[in-house]
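Asker: Sequence first, predicted coordinates after that:
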Amino acid sequence: MPGAKKVEVPNRLLGALPRKEYQKPLPILEPVNLTFGEILYESQTQIRHVYFPNDCFVSMLTTVDTGRAAEVGLIGSEGMIGVPMALGVAVSPFRAVVQGGGTAMRLKTRDFRRSFTNSAALKREVFLFTHLLMIQIAQTAACNRFHVVAQRMARWMLMTRDRVNSNEFRITQEFLALMLGVRRVGVSAAMSDLRERSLIVYSRGTITILDHEGLVAHACGCYKTVKDTYAEAQTKNGNARPALHK
């Protein structure tokens, strides 16, 4: 409802709801702590909860017949884990893995269905996020096909920075190789390239971005395309949801 007072909550999808609409599912929203590496769903398994990240973020991985996996989507406080439920599908097409530990709010699927059916505002926000996630997934697929590892790594670091709201975050080279769908040696070479350009430092599993603008310039255009699309969608829909971190 235009002009309706919003709520101040860490998850920006929930925070975009009018206060009255947010208060409806509030008693059944369960706060949870999610840890790095925790698997929320395996591919082709039943979705039992939907999650609204506060300060954590989750990778959506797709696998190939050899058992290898690559990241196709990254979700933080801007959205929700479990969007197939909004489309009437209770099975996850992806493996959902916690990439940055932290807190989230979750709903049992039956409670989400009820809230989603009864709230036009929640339905609008979830559909908008689903649209944006589809764009991110499509752009990531094209990025993985056409851009070199160093560009893709820079894009991934920037996307992660936006979600943790910090220039410093933890990630191992092994996990980064999994996210990008490349061998460890490729990750090491790309990281060396970014270090030599004085864009980042990497020490004991911690990445620190030294030059944000330089990293944006070095990344492929996919990062800016997705981020600009997100901002544009908020404007066109008259949405008060805060943009991703600048």
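Answerer: Good, I have the coordinates. Residues are numbered from 1 along each chain as shown.
Asker: make it CA atoms for all contacts and neighbour counts henceforth
Answerer: Noted.
Asker: So which residue is dead centre in the protein?
Answerer: Ile75 (1.4 Å; Cα atoms, centre = their mean).
Asker: Surely it and Asn54 touch.
Answerer: No - at 10.6 Å, Ile75 does not count as touching Asn54 under the criterion of Cα atoms under 8 Å.
Asker: what residues are up against Ile137?
Answerer: Contacts for Ile137 were tallied using Cα atoms under 8 Å, 6 or more residues apart in numbering; they are 72-73.
Asker: 857 is where my numbering starts, stick with that
Answerer: Sure, I'll start counting at 857 from here, so that last one is Ile993.
Asker: Show me what secondary structure element comes after whatever helix or strand it lives in.
Answerer: Applying DSSP states H and E as the criterion places Ile993 in helix 976-1002. Counting by DSSP H and E, the next helix or strand C-terminal to helix 976-1002 is helix 1005-1020.
Asker: other SSEs contacting the helix or strand just after that following helix?
Answerer: Toward the C-terminus, helix 1005-1020 is succeeded by strand 1024-1026 as the next helix or strand (DSSP H and E). Here strand 1024-1026 touches strand 1062-1065, going by 3 or more Cα pairs under 8 Å, 6 or more residues apart in numbering; DSSP states H and E.
Asker: How about the strand it packs on, which residues are buried there?
Answerer: 1063-1065 (16 or more other Cα atoms under 10 Å).
Asker: and those residues as CSV, adding pLDDT?
Answerer: Rendered in CSV, the data for the buried residues of strand 1062-1065 read as follows (pLDDT from 0 to 100):
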residue, pLDDT
Ile1063, 95
Thr1064, 96
Ile1065, 97
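Asker: between those residues, which is nearest Ala872?
Answerer: Nearest to Ala872, judged by Cα to Cα, of these is Ile1065 at 29.7 Å.
Asker: This protein: helices as residue ranges?
Answerer: Along the chain, counting by DSSP state H, helices occupy 868-871, 875-879, 965-974, 976-1002, 1005-1020, 1029-1036, 1040-1052, 1068-1074, 1078-1092.
Asker: Grab the CA positions of the shortest one and hand them over as PDB.
Answerer: The one in question is helix 868-871. Provided in PDB are the C-alpha atoms of helix 868-871 (Å, rounded to 0.1, in the frame of the first residue of the first chain):
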ATOM      1  CA  ARG A 868      15.200  -6.400   3.100                       C
ATOM      2  CA  LEU A 869      12.400  -8.500   1.500                       C
ATOM      3  CA  LEU A 870      10.500  -8.600   4.800                       C
ATOM      4  CA  GLY A 871      11.500  -5.000   5.500                       C
END
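Asker: so how far is it from its chain's centroid?
Answerer: 14 Å (Cα atoms, centre = their mean, to the nearest Å).
Asker: Done for today, thanks.
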